[in-house]
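Student: can't give you the sequence, but here's the structure:
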């Protein structure tokens, strides 16, 4: 296993019934499906991507190991649900994605087909994070549909997972790996992960009880983010990360803290088409003691991400200086995903009429994870949080402050991040009345 997989496996052992680490992609298929052909395609998919047919156990000596099952052990789970309404189909797809995995015996991947009527079904692919990431989930759906459409298709070779683990181990033991450790020690020196003030006492044992708040940024605002980022020579990701750090600062996270940013590790030849856990969590520092402007914070975020990607080969799990990172932030560009257009509505792909079924997932992994989905100039932020720590209203308020920070940054990036008011007038009047003793 890779270092990241070992960490995920240990997290799974703490709560093996949790769905917090299940990565799900579900599509409505409004076309007739040939079951035998789909079953063949699924077996070919599992043969191509070995992690999809892997089990994960611990030896008597305490070593975590991976073993392979036959490709045909990954079977299509067909569940007839005749006459189910759209709401019922959505709920059934959500529950299919949430079912826990028996990693030691049956592996970390399943495909469920909910058949509502001839020519109408929901195809649900679910995998434990041990064997997949956001890009991988789309890759496996693309490959499954390609193999279904054309059983004779020639797909490019993919990197065997053991080769990827070997490359990671070699880098870790190299001079380059030591330089990466030194970099992360410098980044993390005297800093802790961002920590939001919770509404409830933190449980003694980590829980994975989550929920999601969705923040839709207007397309006009998204377009201004893109143009502002281009004018300042940074990416929209850096702009949105910097303004998110500003929102955390204004929300009470203090002046200096770290935010985790999941970054891809698909730099090894053959890994770009492979399904697997190709993720490293990079600690990005936020510093507000000197009253920076939005432009300062955004530029610092961009510089740190660039430097971090230079040292991304070293798994940060192996860096002794890295503190826990309970808050993470990432951006997924929909137009770069392997099944284009699916975020925007129904599409025709691989000879099938498909429509995304956007089920909740990966909730409660950490205190707060923010995933921003970009489709053109539309940005949608999914704030996934631990319900044993935060009220829904608290996360909604944070989302409102984040939107305000984005708006203020494109309006005037040279203004201090402390200038925009983050308390609504009616709330301010109420708070002032508390201070004055007014009724």
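Tutor: Perfect, I can see it now. Quick caveat, the model's predicted, so the values are computed rather than measured.
Student: so residue 123 is in which element?
Tutor: Following DSSP states H and E, the helix or strand that holds residue 123 is strand 120-128.
Student: can you give me the strands in the stretch 301-439 of the chain?
Tutor: Along the stretch 301-439 of the chain, the segments classed as strands by DSSP state E, counting those that start in this stretch run 327-333, 347-349, 352-357, 368-375, 378-386.
Student: equivalent analysis for the stretch 151-300 of the chain, please.
Tutor: Residue ranges of the strands in the stretch 151-300 of the chain, as given by DSSP E, counting those that start in this stretch, are 210-217, 256-264, 279-287.
Student: right, so of those, which gets closest to residue 10?
Tutor: Closest to residue 10 of these is strand 279-287 (CB to CB; 14.9 Å). All C-beta atoms are positioned from the backbone trio N, CA, C, and that covers glycine.
Student: name the strands paired with that closest one and say parallel or antiparallel.
Tutor: Sheet pairing of strand 279-287 (DSSP bridges) gives strand 256-264 (antiparallel).
Student: and the strands of the stretch 301-439 of the chain as CSV, adding mean pLDDT, distance to residue 35 and mean neighbour count?
Tutor: As requested, these are arranged in CSV below (pLDDT from 0 to 100; distance: least, CB to CB, whole Å; neighbours: other CB atoms under 10 Å):
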stretch, mean pLDDT, distance to residue 35, mean neighbour count
strand 327-333, 95, 32, 20
strand 347-349, 92, 19, 15
strand 352-357, 96, 14, 18
strand 368-375, 96, 32, 21
strand 378-386, 97, 33, 22
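Student: a markdown table please, covering these and showing distance to residue 256.
Tutor: Putting these into a markdown table (distance: least, CB to CB, whole Å) gives the following:
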| stretch | distance to residue 256 |
| --- | --- |
| strand 327-333 | 14 |
| strand 347-349 | 45 |
| strand 352-357 | 39 |
| strand 368-375 | 18 |
| strand 378-386 | 23 |
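Student: what helices or strands is the lengthiest helix in the chain leaning on?
Tutor: With DSSP state H applied, the helix covering the greatest number of residues in the chain is identified as helix 392-411. Counting by 3 or more CB pairs under 8 Å, 6 or more residues apart in numbering; DSSP states H and E, the packing neighbours recorded for helix 392-411 are strand 210-217, helix 219-231, helix 236-248, helix 294-310, strand 378-386.
Student: tell me the mean pLDDT over it?
Tutor: Helix 392-411 shows an average pLDDT of 98 in the prediction.
Student: run the chain-centre distance for it.
Tutor: How far helix 392-411 lies from its chain's middle: 20 Å, per CA atoms, centre = their mean, to the nearest Å.
Student: same check on stretch 47-60?
Tutor: Between the mean C-alpha location of stretch 47-60 and the chain-wide mean there is a distance of 22 Å, by CA atoms, centre = their mean.
Student: please apply the same query to stretch 252-268.
Tutor: Its chain's C-alpha centre lies 12 Å from the corresponding centre of stretch 252-268 when counted by CA atoms, centre = their mean.
Student: quick one: terminal-to-terminal distance for it?
Tutor: For stretch 252-268, the separation between the terminal residues is 40 Å (CA to CA, to the nearest Å).
Student: ranges for the helices of the stretch 51-200 of the chain?
Tutor: Secondary structure of the stretch 51-200 of the chain (DSSP state H, counting those that start in this stretch): helices at 86-98, 134-149, 161-172, 175-188.
Student: in TSV: the ones you listed, plus mean neighbour count.
Tutor: Listed next are the helices of the stretch 51-200 of the chain as TSV, based on neighbours: other CB atoms under 10 Å:
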stretch	mean neighbour count
helix 86-98	17
helix 134-149	21
helix 161-172	16
helix 175-188	16
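Student: just send those back as a markdown table, with mean pLDDT too.
Tutor: Compiled in a markdown table, these are given as follows (pLDDT from 0 to 100):
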| stretch | mean pLDDT |
| --- | --- |
| helix 86-98 | 98 |
| helix 134-149 | 95 |
| helix 161-172 | 95 |
| helix 175-188 | 95 |
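Student: so which of the ones you listed comes closest to residue 352?
Tutor: Relative to residue 352, the nearest member of the helices of the stretch 51-200 of the chain by CB to CB is helix 134-149, separated by 6.9 Å.
Student: closest one to residue 6 among the helices and strands packed on helix 392-411?
Tutor: Of the helices and strands packed on helix 392-411, nearest to residue 6 by CB to CB is helix 294-310, at 21.5 Å.
Student: for that closest one, which positions count as buried?
Tutor: When neighbours are counted by 16 or more other CB atoms under 10 Å, the buried residues of helix 294-310 are found to be 294-302, 304-305, 308-309.
Student: give me the angle between it and strand 327-333.
Tutor: 80 degrees (axes from the mean of the first three to the mean of the last three CA atoms, to 10 degrees).
Student: what's in contact with helix 294-310?
Tutor: With contacts defined as CB atoms under 8 Å, 6 or more residues apart in numbering, helix 294-310 is touched by 183, 187, 232, 234-235, 237-239, 241-243, 245-246, 261, 263, 282-288, 292, 405, 408-409, 412-415, 417.
Student: count the neighbours of the residue lying closest to residue 324 once chain neighbours are set aside for me.
Tutor: The spatial neighbour of residue 324 that comes closest, neighbours along the chain excluded (CB to CB, 6 or more residues apart in numbering), is residue 193 at 5.2 Å. Neighbours of residue 193 under the rule other CB atoms under 10 Å: 20.
Student: I figured residue 193 was touching residue 328, is that so?
Tutor: No: under the criterion of CB atoms under 8 Å, residue 193 lies out of contact with residue 328, with a separation of 9.3 Å.
Student: what do those two both touch?
Tutor: Shared between the contact lists of residue 193 and residue 328 (criterion: CB under 8 Å, 6+ apart) are residues 259-260.
Student: what are the ranges of the strands in the stretch 1-150 of the chain?
Tutor: Counting by DSSP E, counting those that start in this stretch, residue ranges of the strands within the stretch 1-150 of the chain are 22-29, 54-58, 64-68, 76-80, 109-117, 120-128.
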